[in-house]
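S.K.: okay, structure incoming, though there's no sequence with it:
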């Protein structure tokens, strides 16, 4: 007995099944890859958020310390310190540097003019009262050092 396949028979051919299986396999691979990238991106965002919050906290501590020193009449020309955060954040390190700002004298008029004199005095006063504070928080990620840098200026009033 032989079976005759008619064009009205229902079902899928082997070729259709193979093509649909290949499409499904490629789709699943793409979805798994996308999920892995999402996890990596999420972890990176989390470490950056932690580092930024630690930097903000440390910056606040430094500013409070400088404000206390200023009340005692102390205002550093240059200062630097470094350390490691405590507790669960011990893999994050910090370092900061305070340095004097050197501004060039503004080119206003002739050497002996009032504008040049006022500009020079203003520049000297800014040099005495303004400091740059640069804070760096660093950590290791994928065998590379990652950093968050924050820079602010402190004014002695």
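M.R.: Thanks, I have the structure now. Just so it is clear, the structure is predicted and the values come from calculations on it, not from any experiment.

S.K.: now tell me which helix or strand of this protein has the poorest mean pLDDT.
M.R.: helix 114-129 (a mean of 79; mean pLDDT, DSSP states H and E).

S.K.: what's the first helix or strand after that helix?
M.R.: Scanning forward in sequence from helix 114-129 by DSSP states H and E, the next helix or strand is strand 130-141.

S.K.: list the buried residues in the helix or strand that comes right after that next one.
M.R.: Using DSSP H and E, the next helix or strand after strand 130-141 towards the C-terminus is strand 144-155. Of the residues in strand 144-155, those buried under the neighbour-count criterion (16 or more other Cβ atoms under 10 Å) are 148, 154. The C-beta positions use only the backbone N, C-alpha and C, and glycine is treated the same way.

S.K.: and strand 144-155 with helix 114-129, angle?
M.R.: In this structure, strand 144-155 runs at an angle of 120 degrees to helix 114-129, with axes from the mean of the first three to the mean of the last three Cα atoms, to 10 degrees as the basis.

S.K.: which other helices and strands contact strand 144-155?
M.R.: Using 3 or more Cβ pairs under 8 Å, 6 or more residues apart in numbering; DSSP states H and E as the contact criterion, the elements in contact with strand 144-155 are helix 14-71, strand 130-141.
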